[in-house]
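> here you go, sequence then predicted model.
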Amino acid sequence: MCCSFGFLYCRCVKVLYPDGSVERMTDQLRQRIQNDIDRMASDALRTLALAMKTDCGLLADYDPSSPHHLQHPAHGLLGDVSNFVKVESDLTFLGLVGLMDPPRPQVSAAIDACRGAGIKVIMITGDNKLTAQAVASMIGIVDADLAAQRSFTGKEFEVLSLEEKRQILSEDGAIFSRTEPKHKQMIIRLLRDLGETTAMTGDGVNDAPALKQADIGVAMGIAGTEVAKEASDMILADDNFSTIVSAVEEGRSIYNNMKVRKRRQA
């Protein structure tokens, strides 16, 4: 099994070491693992936890591709969703994998260009809070020394007062992590209430409500789902953030040229 450690946290009862020895999972070991995750997240790494189940019971010889799998007793077991909790329990923790999805080289320059043009860039992600802070600092959304105080999980932001939320969004640069669709919609709604014109980028099904709610929804053309594309006003063919900046520059140039022409005609 490969997923976030948060999912495996209460499901792992043992730890397998490289030398083959097995130790019972304790609160101290869980904290050590969490410390490793935090360290990796601070280096902008997304972490996946690996675990296995050694005693599979009826599932040990179950082959869903077998022509006789319907007669196997495990088939009925898996047919009941409530049994999944039993199957995904008593696991042995194997280790962690850190994945780096490096930002494109031109993103930092694009964010600087946005700031120079009076455009505020906000990060809204489902990633770990520390990972989000590290990436946001890396690409220049916030300064590294301000990242912690400008960073909020969706739930942390949700419980703040309306005035606190408005204050956070009125300032330049903010990081929102572990967000759900309702948090993304809340942020868009608050920005619009502040009089901001909002552009939201996204690629997943969970982004669709916020993409539709924003003044301009921008979906990823390569990685984006069909649901996200249908909810958007614009599709990025190259999935490149800097393309949005180029589009804004071109749009403003056209608008300025139109104003000059109207003045001349007048």
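Good, I have the coordinates.
> wait, what's in contact with residue 184?
124, 200, 202, 206, 207, 209, 210 (C-beta atoms under 8 Å, 6 or more residues apart in numbering). (C-beta placed from N, C-alpha, C; glycine too.)
> for the protein, which strand is longest?
Ordering each strand of the chain by length in residues (DSSP state E) puts strand 91-99 first.
> sheet partners, orientation included, of it?
In the sheet, strand 91-99 lines up against strand 12-16 (parallel), strand 46-52 (antiparallel) (DSSP bridges).
> quick one, what contacts residue 43?
Per C-beta under 8 Å, 6+ apart, neighbours of residue 43: 98, 134.
> could we number from 97 for the rest of this?
Right, with 97 as the first residue, what we last looked at is residue 139.
> what pLDDT does the model give it?
pLDDT for residue 139: 89.
> can you tell me how far it is from residue 303?
26 Å (C-beta to C-beta, to the nearest Å).
> all helices of the stretch 97-246 of the chain, in order?
101-104, 123-138, 169-175, 180-183, 203-212, 225-235 (DSSP state H, counting those that start in this stretch).
> hey, which of those helices is tucked in deepest?
Of the helices of the stretch 97-246 of the chain, the one with the most neighbours on average (mean count of other C-beta atoms under 10 Å) is helix 225-235, at a mean of 22.
> what helices or strands is that one leaning on?
helix 123-138, helix 203-212, strand 218-220, strand 247-249, strand 270-273 (3 or more C-beta pairs under 8 Å, 6 or more residues apart in numbering; DSSP states H and E).
> which other residues reach the host helix or strand of residue 313?
Residue 313 is part of strand 312-316 when elements are defined by DSSP states H and E. Strand 312-316 is contacted from outside by 293-299, 303, 306-307, 324-325, 327-332, 335, 340, using C-beta under 8 Å, 6+ apart.
> what subset of the residues you listed is buried?
294-299, 303, 306-307, 324-325, 327-328, 330-332, 335, 340 (16 or more other C-beta atoms under 10 Å).
> where does the prediction get shaky in the stretch 147-296 of the chain?
151-161, 164-182 (pLDDT under 70).
> mind running it again at 90?
148-187, 195-202, 209-214, 222-224, 240, 268 (pLDDT under 90).
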